[in-house]
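> Fold the following for me, if possible:
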Amino acid sequence: MEYYIYITNDCNMNCSYCSVLFDTQKYGVPMYPHYSFQDLERFITKTQAKLNDQVADIYFFGGEPTVNCDCIKDLIAAMEGSHAYTVNFIMHTNGLLIPEIPQQIIERTNVALLSFNYELIFQDDELLSPYLGTMLRAIDRFKETKPIPIIGRITVSPKTSLFTECCLISNFVDYVYWQIDNCAEMPNYPLYQQQYKYEIGMLFKYWMKCLDKGIFLRFVPFMSAVRHQITEVETPSEFYCGYGRSMIYVQTNGNCYACCDNVATDSHLIGTIYSGVEFPEIDLSKTKCRNCSYIKLCGGRCGRMHKDFSEERVSQYCDLNIYMFNLIQGAMPEIQMLIEKYPDYKDKFMDPMIAYTEYTA
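Predicted coordinates:
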C-alpha cells in the first residue's frame, strides 16, 4: 500500500499548474497534522493486516513536506518499531530545501521523487537560472548518503518544453516521469495538443536513437508502454495509477482520500485513520475505456479524471496518450530487435521502480 501523508498543506513555491494546494482556512483543514502519529501507525498496521500487504510505502507529501522537518522526524519515529511488514519512506518534494534538511531524514529516505518546474529552469528565456543548481545539490545530498533511486517528475504545462526538460534532467536523475497538466479545462487546447505531439515525437525519436546505441534512458511512460506489450497482460479492471486500489492520501485532519486532487470536498473521501477506509468499487468496463484497444497500455490513466472531468476533457487526454502509444506500437519490431541485441533491456523494461509513478502520462 501507498500512504501519502500530508506533512503540511503549506508550500514554499507557487507553481502555476499545481492541483494540490487549496484554501485550508476556507475548508477548515489544518495546515499541519492534528492527529497523533501513534494513531496513524495503528491505522497503517490495521490496513496492512486487513489487506495482507507486506510492504507499506509511506510518502512525505504535501504541500511541500520539507517545510516541516520536525513533523517528518516524528513520523519516522512513530513507524520505527517492529512490524509484520516492511516500511519504505519516499520523499515527494520540490527539492529546494533538501540541501539543508536534517541528515536523519536523508538517511531514512528510500526513494526520492523530485518535481522539476520547467518555468524556473531558465531566466530571460535563455540562461540557466540558479534554480537548477539548487535541484542538482538536492540530488547530490541524497546520493552522497546512499545510492537511492531519484525520479524526476515533470508536469507538462502550456509553458513546458517536454523535450528540453527531459533531455536536461535525465543527465542527473535515474528516472524521468512526465504527466500532462491535470486540469479540468485546458485553455487553447489545440495549441497545447500540437506542441505536445511535436515534442513527444522528438523525444521518442531521441529515445530510440539512444536505445540503438546501447543507452537505456529510463523515461517511464515509454518504458511502461513497452513493458505492457512485451509481456502477457490481462485486460485491467482497475486503474493502473492505484486509484481506489493501492493509494491512501491522509490529510492533516486524519481524513483519507483516494486521490490527492480535490481533497477540499468529499468527492474522493474513503474514510479516516480512526474509522478505517473502504475503497470505491472500480470497474473499468463501466467507463468509456471498456471498448478501447489501448486499455492494456493505459489502464484508464487517471481515476480522478473519470470522476471529475467532462467527457470532452477525458477525450483530450486519450488523444494525447494514443498518439504516444501509436509511436511505440509502430516501433515495436525495432524495439524487439534491440532487446535481442541488448538482452539486459528486457529486465530494464520490467524495472519495478516504475510502480512509484502513475505509469502513463
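> now the strands: where do they sit in this structure?
2-6, 55-61, 86-93, 111-116, 122-123, 127-128, 150-156, 175-180, 247-250, 255-257, 269-272, 276-277 (DSSP state E).
> okay if I get those as JSON lines plus mean pLDDT and distance to residue 194?
C-beta coordinates here come from the backbone N, C-alpha and C atoms, glycine included. Written out in JSON lines, the entries for these read as follows (pLDDT from 0 to 100; distance: least, C-beta to C-beta, whole Å):
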{"stretch": "strand 2-6", "mean pLDDT": "96", "distance to residue 194": "34"}
{"stretch": "strand 55-61", "mean pLDDT": "97", "distance to residue 194": "34"}
{"stretch": "strand 86-93", "mean pLDDT": "97", "distance to residue 194": "31"}
{"stretch": "strand 111-116", "mean pLDDT": "97", "distance to residue 194": "23"}
{"stretch": "strand 122-123", "mean pLDDT": "83", "distance to residue 194": "22"}
{"stretch": "strand 127-128", "mean pLDDT": "84", "distance to residue 194": "27"}
{"stretch": "strand 150-156", "mean pLDDT": "96", "distance to residue 194": "13"}
{"stretch": "strand 175-180", "mean pLDDT": "95", "distance to residue 194": "14"}
{"stretch": "strand 247-250", "mean pLDDT": "94", "distance to residue 194": "33"}
{"stretch": "strand 255-257", "mean pLDDT": "95", "distance to residue 194": "35"}
{"stretch": "strand 269-272", "mean pLDDT": "94", "distance to residue 194": "38"}
{"stretch": "strand 276-277", "mean pLDDT": "96", "distance to residue 194": "42"}
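> To residue 225, which of those strands lies closest?
For the strands of the chain, distance to residue 225 was read as C-beta to C-beta. The smallest value, 12.7 Å, belongs to strand 175-180.
> From residue 338, how far out is the nearest residue to residue 359 once chain neighbours are set aside?
Using C-beta to C-beta, 6 or more residues apart in numbering and skipping residues adjacent in sequence, the residue nearest residue 359 is residue 224, 4.2 Å away. Residue 224 sits at a distance of 17 Å from residue 338 (criterion: C-beta to C-beta, to the nearest Å).
> Which one's more surrounded, those two?
residue 224 (25 against 17; other C-beta atoms under 10 Å).
> separation between the more buried one and residue 275?
35 Å.
> What of residue 282?
Here residue 282 is placed at a distance of 21 Å from residue 275 (C-beta to C-beta).
> And residue 246, by the same measure?
For residue 246 relative to residue 275 (C-beta to C-beta), the value is 19 Å.
> More neighbours: which of these two?
Taking other C-beta under 10 Å, residue 246 and residue 275 do not tie; residue 246 has more neighbours (16 against 11).
> Low-confidence stretches in the stretch 101-250 of the chain?
125 (pLDDT under 70).
> do you know how far residue 219 is from residue 293?
Separation of residue 219 from residue 293 (C-beta to C-beta): 23 Å.
> and these two? which has more neighbours close in?
Set side by side, residue 219 and residue 293 show unequal neighbour counts under other C-beta under 10 Å, the larger going to residue 219 at 19 against 8.
> So what sits opposite the more buried one in the bridge?
In this structure, residue 219 bridges to residue 176 when assessed by DSSP bridges.
> Can you give me every residue that contacts it?
With contact taken as C-beta atoms under 8 Å, 6 or more residues apart in numbering, residue 219 is in contact with 166, 170, 175-176, 203, 207.
> from those, which is closest to residue 49?
Nearest to residue 49 out of those is residue 175 (C-beta to C-beta; 31.4 Å).
> What separation do you get for the closest one and residue 223?
8 Å.
> Find residues that contact each of those two.
When C-beta under 8 Å, 6+ apart defines a contact, the residues bordering residue 175 and residue 223 alike are residue 354.
> Thanks a lot, see you next time.
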